[in-house]
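>>> kindly return the folded structure for what I paste below:
(one chain, ligands or ions: 1)
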Amino acid sequence: MREHMEINRVRWDELVPIHAGSDMYRVELFRSGGVALQSIELEELGDVSGKSLLHLQCHFGLDSLSWARLGAKVTAMDYSEPAIELARSLSAETGVEARFIHSNLYDLPDVLNEKFDIVFTSYGVLCWLPDIKAWAEIVARYLKPGGTFYIVEGHSFMWGFETNADKTRVEWTYPYFTGDEPLVFDAPGTYADEHAEVQNTVTHEWNHPLGEIVTSLIDAGLRIDFLHEHQVIPWKPFPFVVEAGGGYYKLPYDIPSLPLMFSIKATRV
Ligand SMILES: C[S@@+](CC[C@H](N)C(=O)[O-])C[C@H]1O[C@@H](n2cnc3c(N)ncnc32)[C@H](O)[C@@H]1O
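Below you'll find the predicted structure:
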């Protein structure tokens, strides 16, 4: 499994400066005092001020620093070294304090031994992880009793669809149950900039069924407070999505609805 994660890490390292310069990642908004979070997680997670928050797979820390700007005491981690370096320099430049840790998610217990009020993770994180049971155990391990876990993520069902040849509809393309062997993709550009020149184009990804995600969290010792399925998403998973307001996209009226994202709030028992 490590070799698959390593192939992806090399790509993530390359994507850091591309994403930091893209319109999708609102670095300038953050630099000018704003918060680069979406309304869904802001409303669903609620007030974080004064709480300790662990952000898993933080990329270059824009969301982590946004939670810190809202008053959370933030620790954030990612296995891409350039991502962690940029996060630290954004923190130093803006004076918004957060601790950034360079580690593979599965190795985090080797370098971090604390418990938090909140564990947070979002948008495009689970497909890079081969083992969801082990991920859920990491989530549970870092929560204080009564602490909150929150995830908002692309829906496992949505990931199975691809755009058809004339780019007008979705068609079922990928397995819902990936299993141990990852799906291998080779595509130009990146989700944040489809025209970007990227050298490392290959990714190895897993689609984790929603039932497995929920059951793994329960088995690890969490009580599910809600599981929401959303018809909007803050990026364009298909070229024909239409604007839904507030930075979100949705399917056009002539395509039957499908869940684009899910969010889970859970409590450590
Ligand atoms: C889509 S990005 C992060 C999502 C975040 N919401 C954002 O958009 O900034 C996924 C991140 O997961 C990290 N990642 C992937 N596999 C990982 C692993 N095994 N351990 C730690 N980080 C990992 C990547 O380096 C990347 O920064």
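
>>> only C-alpha atoms for contact and neighbour calcs from this point on.
OK.

>>> tell me where the stretch 101-250 of the chain has helices.
Counting by DSSP state H, counting those that start in this stretch, residue ranges of the helices within the stretch 101-250 of the chain are 108-111, 132-141, 210-219.

>>> and the last one, what does it pack against?
Counting contacts by 3 or more CA pairs under 8 Å, 6 or more residues apart in numbering; DSSP states H and E, helix 210-219 packs against helix 132-141, strand 222-230.

>>> the ligand: which of those is closest?
Nearest to the ligand, of all those, is helix 132-141, at 9.4 Å by CA to the nearest ligand atom.

>>> return the residues of the stretch 101-250 of the chain in contact with the ligand.
Neighbours of the ligand within the stretch 101-250 of the chain, by CA under 6 Å from any ligand atom: 104-105, 122-125, 128-129.

>>> greatest separation within those: which pair is it?
The span of these, defined through CA to CA, is set by N104 and Y123 at 17.6 Å.

>>> mind listing residues that contact the helix ranked longest in the chain?
Using DSSP state H, we find that the single longest helix of the chain is helix 2-20. Applying CA atoms under 8 Å, 6 or more residues apart in numbering, the set of residues contacting helix 2-20 from outside is 25, 27, 59-60, 79-83, 128-129, 182, 190, 192-193, 196, 198-204.

>>> in the stretch 1-150 of the chain, which residue sits closest to the ligand?
In the stretch 1-150 of the chain, the residue that lies nearest the ligand is H59 (3.1 Å; CA to the nearest ligand atom).

>>> mind checking pLDDT for that residue?
In this model, H59 is scored at 98, pLDDT.

>>> just the element for it, please.
Under DSSP states H and E, no helix or strand contains H59.

>>> and the nearest residue to it once chain neighbours are set aside, how many neighbours?
Nearest residue to H59 in three dimensions, chain neighbours excluded: A83, at 5.5 Å (CA to CA, 6 or more residues apart in numbering). Around A83 there are 26 other residues, counting by other CA atoms under 10 Å.

>>> quick one on the thing from earlier: of the residues of the stretch 101-250 of the chain next to the ligand, grab the buried ones for PyMOL.
Only the buried entries of these go into this PyMOL selection, using 16 or more other CA atoms under 10 Å:
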select buried, resi 104+105+122+123+125+128+129
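
>>> against the centre of this structure, work out the most remote residue.
D166 (29.6 Å; CA atoms, centre = their mean).

>>> can you list phi and psi of L54 for me?
The phi/psi pair for L54 (degrees, to the nearest 10) reads phi -100, psi 120.

>>> so what pairs up with it in the strands?
T75, V119 (DSSP bridges).

>>> surely it touches A72?
No - with contact defined as CA atoms under 8 Å, L54 and A72 do not form a contacting pair (9.6 Å).

>>> more crowded one of those two?
Legend: neighbour count by other CA under 10 Å for L54 and A72, higher for L54 (28 against 23).

>>> gap between the more buried one and P252?
36 Å (CA to CA, to the nearest Å).

>>> same question for S216.
Separation of S216 from P252 (CA to CA) stands at 34 Å.

>>> of these two, who's got more company?
Applying other CA under 10 Å to S216 and P252 shows that S216 carries more neighbours, namely 18 against 14.
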